[in-house]
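The following block contains a protein sequence and its predicted model.
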Amino acid sequence: MENFWQYSYLFAAVTIILSIKWLNSPATARRGVLAGEIGMLFAVAGTLVHFDVLTVWQIWVAFLIGTAVGVPLAYLMPMTAVPQLTALSHAFGTFAAGLVGAAEYYKDLNNPPTGFTMVALAVEVLLGFLTFTASIMAFGKLQELVPTRPVTYKGQNFVNLSLLVFAIVLGVWLCVAPAPFWVFPTFIGMALIFGVLLIIPIGGGDMPTVIALLNSYAGMSAAAMGFALDNKMLIIAGALNAASGFILSVIMCKAMNRSFTNVLFGAFGQVQASTAAQAQHRPVHSATAEDAAEILASARKVIIVPGYGMAVAQAQHKVRELSDQLTKRGVDVQFAIHPVAGRMPGHMNVLLAEADIPYDRLHEMEEINGEFSEADVALVIGANDVVNPAARTDTNSPIYGMPILDVDKAHTVMVIKRSMNPGFAGIDNELYYMDHTLMLFGDAKSFVGEIVKELPALVHA
Amino acid sequence: MNATTGFELGILSVYVFILAGFLGLELVRRVSPLLHTPLMSLTNAISAISVVGAIMVAGNKQAPQLSHILGYIAIVMATINIVSGFLITDRMLKMFRKKEPAKGKQA
């Protein structure tokens, strides 16, 4: 039994790998979660036994408090709040990683860690604390406690970069020579401030990339902790995590045709201010719920394009009703999902799944883009930039080159939108002024509800 | 521990890190965009594996009181992350299904 913890860690590492592997298909995904939970359990059990701390009652109390907070957090949050919840939950975890690093550093005040261990500790502390405040800020933006629009000022990148460089210099100092007492706390302070400044200039629409990136940092921080504590299981779990967050953010960046540096330092919102100012009041065709219902009822194929607006209005259940009604009338209803629609990767899929829409109706951009030309109606609900044809045609547009859903190729386009105000990026959307586009002004939830009410009255076309 | 073994241990860890990293890239590349949110939320829970470090710090009998207190707080924080992360992932995945409601079969 002496080696129980070794087997326990090995088993934990394997189950965590399997956990991510099983998450690749909806059929095995729940097994993946179970595997992850078992892995975590063994990791914790092995640690408790190995360090002979089963009898330290404070640890059990800490587990209890954590569980007492975590359970309601997971069950009380509505599904639309999943991005915020992930950010918040993340903040807790990375704060823990930072604290562990600090605790390790202060373990023996007369004899601070040196060399390889200190490098690992510095990385852990830096990433842990900066991800902590960055996650809190991301949570604030997603919950709209702080302005979701990018906040920029002159010399912002200079300030951010000098802060980062200063933090790194302090980190190097800690690693190469015994540093005075103030260095370590200042290092932590720099990390905390940098986390805040990193998120301030990022707009709501870039959140999918940023949340994935923060996830990657958290993994890096855990792996660094593994190096500092010479714990291979931590390294494996941390590396898996770091890789996962990294590849997701790369996918998100590609889906917006932008680079990392552009997302993090580009301050997207600022660029468009000038473009938006040029937008004049041009005539659009607007329609009522009754008109919309009539067109939808006589269609053969309808493609619904959901966006963040659907999440904000919590319209997913009404959308399901609409889809059911239309399907009953023999209309072929499909859903087209842009990779960056919403506020986190895959956000729309989760909301539509919550509304009980079978996932084989949800299609990725590459898969469905060819079908718009055969569709009678493309119904855009709360999406904006991801359907803006300017991305294909207007080389001056800030979103030029971004792959979009080709809704404009459908026979009729209907856009449900609260007003003509441009989306988060402030870019005017050419789509709204096209001759075959009908603007349906109103709240997504109530408007779709009205269409659903109108439908039964119509005779089968 | 002399310098050589310390270095060798460190290098071994670097190998583990690199291999696990590549494994992660390959595994996640295969995940369908349909499941990106559950994936994020699952890896979010797994990143709180740092609870292991927190337990080590909190239970280290030689460490000063400050380290213990930081360790306890870290355990609370990491546990919140783990519990909420796994539960919300499962809550999401329960909703994904393939068949029409009439069949009532879970995917």
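Good, I have the coordinates.

show me the residues around A:Ile20 that make contact.
A:Ile20 makes contact with A:32, A:36, A:240, A:244, B:24, B:27-28, B:39, B:42-43, B:46 under the criterion Cβ atoms under 8 Å, 6 or more residues apart in numbering or on different chains. Just so you know, the C-beta spots here come from the backbone N, C-alpha and C atoms, and that holds for glycine as well.

from the middle of its chain, how far away would the helix or strand containing A:Glu366 be?
Assigned by DSSP states H and E, A:Glu366 belongs to helix A:365-368. How far helix A:365-368 lies from its chain's middle: 21 Å, per Cα atoms, centre = their mean, to the nearest Å.

Is that helix positioned near chain B?
No - on the criterion Cβ under 8 Å from any Cβ of the partner chain, helix A:365-368 is out of touch with chain B, staying 8.8 Å away.

in the stretch 51-200 of chain A, which spans are helices?
Taking DSSP state H, counting those that start in this stretch as the test, the helices found in the stretch 51-200 of chain A are A:57-76, A:82-105, A:115-142, A:156-176, A:183-199.

Same check on chain B?
With helices called from DSSP state H, chain B shows them at B:3-29, B:36-47, B:51-59, B:65-95.

Go through those and name the closest to A:Ile368.
Closest to A:Ile368 of those, according to Cβ to Cβ: helix B:36-47, at 16.9 Å.

That closest one near chain A at all?
Yes - Helix B:36-47 reaches chain A (Cβ under 8 Å from any Cβ) through B:36-47.

Likewise for stretch B:89-96?
Yes - Stretch B:89-96 is in contact with chain A by Cβ under 8 Å from any Cβ, via B:89-96.

Return the residues in contact with residue 24.
Let's take chain A. Applying Cβ under 8 Å, 6+ apart to A:Asn24 gives the contacts B:27, B:30-32, B:35.

if you could check chain B rather than the one you did, that'd help
Each residue near B:Gly24 by Cβ under 8 Å, 6+ apart is listed here: A:20, A:239-244, A:247.

let's go with 10 Å and repeat that
Going by Cβ atoms under 10 Å, 6 or more residues apart in numbering or on different chains, B:Gly24 touches A:17, A:20, A:216, A:219, A:236-247, B:43.

A:Val169 reaches A:Phe187, doesn't it?
Yes - contact criterion Cβ atoms under 10 Å: A:Val169 and A:Phe187 qualify, at 9.5 Å.

Of the two, which one has the most company?
The residue with more neighbours, out of A:Val169 and A:Phe187, is A:Phe187; 25 against 13, by other Cβ atoms under 10 Å in any protein chain shown.

I'd like to know how far the more buried one sits from A:Phe95.
Separation of A:Phe187 from A:Phe95 (Cβ to Cβ, to the nearest Å): 16 Å.

Give me the neighbour count for the residue of chain B at minimum distance from chain A.
Nearest residue of chain B to chain A, counting by Cβ to the nearest Cβ: B:Thr79, 2.4 Å away. Neighbours of B:Thr79 under the rule other Cβ under 10 Å: 26.

ditto for A:Gly155
So A:Gly155, with other Cβ under 10 Å, has 8 neighbours.

check contacts around residue 87.
Answering for chain A, as no chain was given. Applying Cβ under 10 Å, 6+ apart to A:Ala87 gives the contacts A:134-143, A:199, A:207, A:210-211, A:214-215, A:343-344, B:44.

um, chain B though
A:33, A:37, A:70-75, A:89, B:41, B:45.
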